[in-house]
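Trainee: the amino acid sequence is not available; the structure is as follows:
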Ligand SMILES: [Fe+2]
Ligand SMILES: [Fe+2]
């Protein structure tokens with residue numbers, strides 16, 4: 001999606017040149033075809049960007065849940081699945097997504113005296129989440145030699161899921177809408193561009209798709225990729 005967004009920008013730049021030519025030729029400054037406006041409206045907004053990053057987080061939470069179930073039922077699971085998932089959380093969620101929230105959303109909301117209490121709780125949860133991820137990474141890298149290690153891992157995974165389900169739900173339904181209300185349309189649009197540029201710089205032009213592909217790979221390893229398997233037989 002990021003790639004297509006970038007393609008769109010390139011496309012719009014080219015379109016701009018064509019239009020500039022057309023403008024000189026016709027002398028009509030308002031004769032922009034409607035499809036140009038439709039393309040421009042499709043840029044990824046800051047909230048859409050943050051919410052689809054939550055989608056990646058949600059899928060990792062599902063992976064964590066499956067690992068918890070396997071530990072509980074004494075079934076095997078590939079330790080790499082946990083390490084790779086925790087690395088996605090570290091790089092894409094904690095060091096990127098949460099940093100966006102901490103650098104761009106939280107200060108603006110505090111300055112506007114909006115949802116301050118919520119912001120403080122979310123910030124504390126970000127810090128706590130990082131500590132839990134450290135524990136998950138160090139335990140899963142130690143090869144989980146005995147049942148106590150596995151039980152401890154299960155407990156950290158559970159704490160992480162229990163905190164982040166309500167965390168992301170509260171951000172989607174309260175924090176992000178509140179943020180959109182306190183910034184101007186211009187600022188909102190330019191932040192969308194800034195978020196995308198940061199993502200491209202850190203993870204490449206198709207960074208979001210790369211993360212989604214990584215999550216898909218882990219889901220396939222755990223045999224939970226097939227969505228239809230989640231449909232109950234009733
Ligand atoms: Fe957050
Ligand atoms: Fe978030």
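Mentor: Good, I have the coordinates. Computed from a predicted model, the values in this text were never measured in an experiment. Ligands and ions are numbered 1, 2, ... in the order given.

Trainee: which stretches of the chain have low pLDDT?
Mentor: Across the chain, the ranges flagged by pLDDT under 70 are 1-42.

Trainee: centroid-nearest residue for it?
Mentor: Computing the C-alpha centroid of the chain and ranking residues by Cα atoms, centre = their mean puts residue 53 first, at 1.3 Å.

Trainee: so for the strand or helix carrying residue 160, what gets flagged as buried?
Mentor: Assigned by DSSP states H and E, residue 160 belongs to helix 147-170. In terms of neighbour count (16 or more other Cβ atoms under 10 Å), helix 147-170 has its buried residues at 150, 152, 153, 154, 156, 157, 159, 160, 164, 167, 168, 170. Any C-beta I mention is one placed from the backbone N, CA and C, and that applies to glycine too.

Trainee: buried residues, stretch 221-234. List them.
Mentor: 222, 224.

Trainee: if I look at the residue nearest to the centre of the chain, how far off is residue 136?
Mentor: 19 Å (Cβ to Cβ, to the nearest Å).

Trainee: what helix or strand is residue 75 located in?
Mentor: Residue 75 belongs to no helix or strand, assigned by DSSP H and E.

Trainee: in which helix or strand does the closest residue to it other than its chain neighbours reside?
Mentor: Leaving out its chain neighbours, the residue that sits closest to residue 75 by Cβ to Cβ, 6 or more residues apart in numbering is residue 69, at 7.9 Å. Using DSSP H and E, residue 69 sits within helix 46-72.

Trainee: same check, this time on residue 44
Mentor: Using DSSP H and E, no helix or strand contains residue 44.

Trainee: how about the residues of the chain near ligand 1?
Mentor: Counting by Cβ under 5 Å from the ion, the residues of the chain close to ligand 1 are 101, 122.

Trainee: change it to 6 Å
Mentor: Within the chain, the residues that sit near ligand 1 (Cβ under 6 Å from the ion) are 98, 101, 122, 126, 167, 171.

Trainee: from the residues you listed, pick the one nearest residue 48.
Mentor: residue 171 (13.2 Å; Cβ to Cβ).

Trainee: thanks a lot, see you next time.
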